[in-house]
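[1] I would like the atomic coordinates for the input below:
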Amino acid sequence: MSSWRTWHRPLVLFALVMALWAVVCAVGLAVDDRVLTGAPVWAKPFKFSVSFVAYSLSLAWMISVLGEDRPRLRRTAWWAGTTVAVASAVEMALITLQVVRGVRSHFNNATPFDAGVYALMGNTVVVLWLGTLVLAALLWRARTADRATTWSIRISTVLALTGAALAFLMVLPTPEQQRREAAGRAVAESGAHSVGVPDGGPGMFLTGWSTTGGDLRVPHFFGMHALQLLPLLVLVLAALAPRSARLRDERVRVRLVLVAGAVYAAVLALLTWQALRGRSPAHPDGATLTAAAAVLAGGVLGVLAALFLPGRGAAPVEEGHGHAGGEVVAGDLGAHRQ
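    Numbering: from 1, shown residues only. Next up is the predicted model:
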């Protein structure tokens, strides 16, 4: 793990601002009793600010692993990260503006001003996604001292981009909106979070995800936060390695990361399929449960294969290069020679 002082500063600064803004939004939730589409008016900026903290810090750390010996790569990554930070800041500013006005920020075409705000938000999301795409491409070329970390970064950025791209499904007009537009009637909103039911219906605590129909926010959220969960898995495996001979083998840790990435992708596909069929995550049907069982079985088999397939054991202890009590991970030395 690189020192936080080498992390991308604009993204770190934006994350700090979002952490403070999350506190402000929490106060808003406590003192402002306005409700918008079935949820407290300050719920959306609160959730977005918390999500942006995690997203920005993850990218800020990932940029730091590119290495000082590749200045052109780091310079391009710096500009891409800064673009993500600026686009995200504009997105939050527009969401907050609409909260203050007491109207929806997303899907709102009720007035020319609201339609303009929504269009600008759409453009900032595209810029944010493209900036992350550039970072993902650069990070695929990066090498860290630990191959498991390298693969966790590669896989998590792809999954995060996929999860973010699912938001574009939300902007498509619903069947009801299409019928209204075809009949020549005014359409105040275009797009929705929910599938099969109107937005603003019964929802889960805090998240607001629909409990009566599909909700595209579920796979969107799950995909984007692969940026935190897969690197966190690597940290857990590294912490357990001194206590496990198998986990001291870098090849085993890499296999486990690859299995986790495959399972994560399968669950993301399952959640997307479930949402598009109009099924609530709170009430999965038989088809969803069957698919989930298959994913679980595949994951268990994958973990067993990763742990017990033949592989190199830990390298012998070497003076001055010990990890956690003098032991060294075999792959660490090999990775440094790449």
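[2] show me what the top helix by length along the chain is packed against.
    The helix that spans the most residues within the chain, counting by DSSP state H, is helix 71-101. Counting contacts by 3 or more CB pairs under 8 Å, 6 or more residues apart in numbering; DSSP states H and E, helix 71-101 packs against helix 9-31, helix 43-64, helix 112-140. All C-beta spots, glycine's among them, are computed from the backbone N, C-alpha and C.
[3] may I see the buried residues of the last one?
    Buried residues in helix 112-140, defined by neighbour count with 16 or more other CB atoms under 10 Å: 114, 117-118, 121-122, 124-125, 127-129, 131-136, 138-139.
[4] report the angle between it and helix 71-101.
    150 degrees (axes from the mean of the first three to the mean of the last three CA atoms, to 10 degrees).
[5] how far does helix 112-140 sit from the chain's center?
    15 Å (CA atoms, centre = their mean, to the nearest Å).
[6] pLDDT of that helix, averaged?
    Taken as a whole, helix 112-140 has a mean pLDDT of 94.
[7] per-residue pLDDT of Leu66, please?
    82.
[8] then the one 10 residues further on?
    Thr76 is assigned a pLDDT of 92 by the prediction.
[9] related to what we said a few turns ago, flag every buried residue along the longest helix of the chain.
    When burial is assessed from 16+ other CB under 10 Å, helix 71-101 yields the following buried residues: 73-74, 76-78, 80-92, 94-96, 98-99.
[10] what does stretch 13-21 give?
    Neighbour count says stretch 13-21 has Phe14, Ala15, Val17, Met18, Trp21 buried, by 16+ other CB under 10 Å.
[11] who touches stretch 81-89?
    8, 10-11, 13-14, 17, 52, 55-56, 59-60, 63, 124-125, 127-128, 130-132, 135 (CB atoms under 8 Å, 6 or more residues apart in numbering).
[12] the helices and strands packed on helix 71-101 into JSON lines, with extra columns for distance to Pro173?
    Shown next, in JSON lines, are those (distance: least, CB to CB, whole Å):
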{"stretch": "helix 9-31", "distance to Pro173": "30"}
{"stretch": "helix 43-64", "distance to Pro173": "21"}
{"stretch": "helix 112-140", "distance to Pro173": "13"}
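[13] and of these, who's closest to Met170?
    Met170 lies closest to helix 112-140 among the helices and strands packed on helix 71-101, at 10.4 Å (CB to CB).
[14] elements contacting the closest one?
    Using 3+ CB pairs under 8 Å, 6+ apart, helix 112-140 sits against helix 43-64, helix 71-101, helix 147-165.
[15] compare these and give me the one nearest Asp32.
    helix 71-101 (8.9 Å).
[16] give me the domain ranges for the protein.
    By the assignment in automatic domain parsing, the chain contains the domains 1-142, 184-195+202-338.
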